[in-house]
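Visitor: Sequence first, predicted coordinates after that:
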Amino acid sequence: MKPPLIKMLTRPWLRRDLEELRRQLGADPDFPLGKFKAQLKDRSASSGTTSGHYFHQDLLVAQRIFANAPERHVDIGSRMDGFVTHVASFRPIEVFDIRDSDAKVANIRFVRHDFTNSREDMRDYTDSISSLHAIEHFGLGRYGDPIDAYGHLKGLAAIHTTLRPGGRFYFSVPIGPQRIEFNAHRVFSLDYLLKLLEPNYTLERFSYVDDRGDLHDKVKITQAMRESSFGCRFGCGIFELIKR
């Protein structure tokens with residue numbers, strides 16, 4: 001078997017690039033060649049990922065929060081290195097999660113709390129709240145939380161208590177044929193979600209990411225699309241809701 005370095009250098013383009021770099025450097029002492037770390041895939045890859053659930057939901061909801069400019073924004077369990085940092089780039093955000101965090105970042109206030117439990121001291125606490133790709137995990141034990149088959153309902157109830165009347169709730173979960181894929185997540189049918197949400201909220205805006213990872217923004221929900229979850233097997237429904 002060839003040593004890794006020799007094997008990699010049998011790729012003509014890589015050998016040519018190394019020889020050209022050596023020729024240009026000559027005897028320059030400022031940048032000696034160090035350990036060989038060949039990156040073989042980046043030259044044919046795209047410049048970055050601009051599709052999928054997290055990319056679209058994180059950017060879209062952050063843009064909506066910027067546009068709506070709430071007095072206070074609270075987040076429940078969304079991704080720290082995506083949505084939360086998007087929002088923190090332009091305003092303060094309070095983040096609640098069942099897991100601990102040692103983050104010390106400007107504009108991010110972190111509180112460890114299990115949001116399947118309502119807090120009386122947080123009743124009508126905020127005019128803006130988000131939970132992106134998080135509620136589907138509540139009660140499945142994935143993050144060390146106790147098993148609770150109805151954890152998603154308790155989470156939604158606690159969020160409703162925390163939000164002021166007239167406040168906005170930005171919410172996303174996987175959509176498709178309803179099921180639990182233990183212990184990863186639940187997948188919700190759109191019809192089930194709307195039946196849960198409609199008594200307490202007015203739907204201001206609905207968007208979704210399809211099974212290919214493409215965003216469909218501000219779409220109209222027909223009865224057929226409601227029943228089929230827009231044809232998704234594992235899509236992502238993104239709701240902007242106003243508390244009644």
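Guide: That came through, no problem.

Visitor: Confirm for me that G167 is in contact with I159.
Guide: No - using C-beta atoms under 8 Å, G167 is not in contact with I159; the gap is 10.2 Å. In this view, the C-beta of every residue, glycine as well, is placed from N, C-alpha and C.

Visitor: Please enumerate the shared neighbours of these two.
Guide: I129 (C-beta atoms under 8 Å, 6 or more residues apart in numbering).

Visitor: secondary structure class for the residue most central in space within the chain?
Guide: By C-alpha atoms, centre = their mean, the chain has its centre lying nearest to Y54, at 3.9 Å. Under DSSP: H, G, I helix; E, B strand; the rest coil, Y54 falls in the helix class.

Visitor: and the closest residue in space to it that isn't next to it in sequence, backbone torsions?
Guide: Leaving out its chain neighbours, the residue that sits closest to Y54 by C-beta to C-beta, 6 or more residues apart in numbering is G82, at 5.4 Å. Note on G82: backbone dihedrals following degrees, to the nearest 10 are phi -140, psi -90.

Visitor: Show me the longest strand that occurs in the protein.
Guide: strand 163-175 (DSSP state E).

Visitor: export that strand as PDB, just CAs?
Guide: Coordinates of each C-alpha in strand 163-175 appear next as PDB, following Å, rounded to 0.1, in the frame of the first residue of the first chain:
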ATOM      1  CA  LEU A 163     -46.600  34.800  25.200                       C
ATOM      2  CA  ARG A 164     -48.700  37.900  25.600                       C
ATOM      3  CA  PRO A 165     -52.000  38.300  23.700                       C
ATOM      4  CA  GLY A 166     -51.300  39.800  20.400                       C
ATOM      5  CA  GLY A 167     -47.700  38.500  20.500                       C
ATOM      6  CA  ARG A 168     -46.000  36.500  17.700                       C
ATOM      7  CA  PHE A 169     -45.000  32.800  17.900                       C
ATOM      8  CA  TYR A 170     -42.500  31.600  15.300                       C
ATOM      9  CA  PHE A 171     -42.700  27.800  15.200                       C
ATOM     10  CA  SER A 172     -41.200  25.100  13.000                       C
ATOM     11  CA  VAL A 173     -41.300  21.300  13.100                       C
ATOM     12  CA  PRO A 174     -41.000  18.400  10.700                       C
ATOM     13  CA  ILE A 175     -44.100  17.800   8.600                       C
END
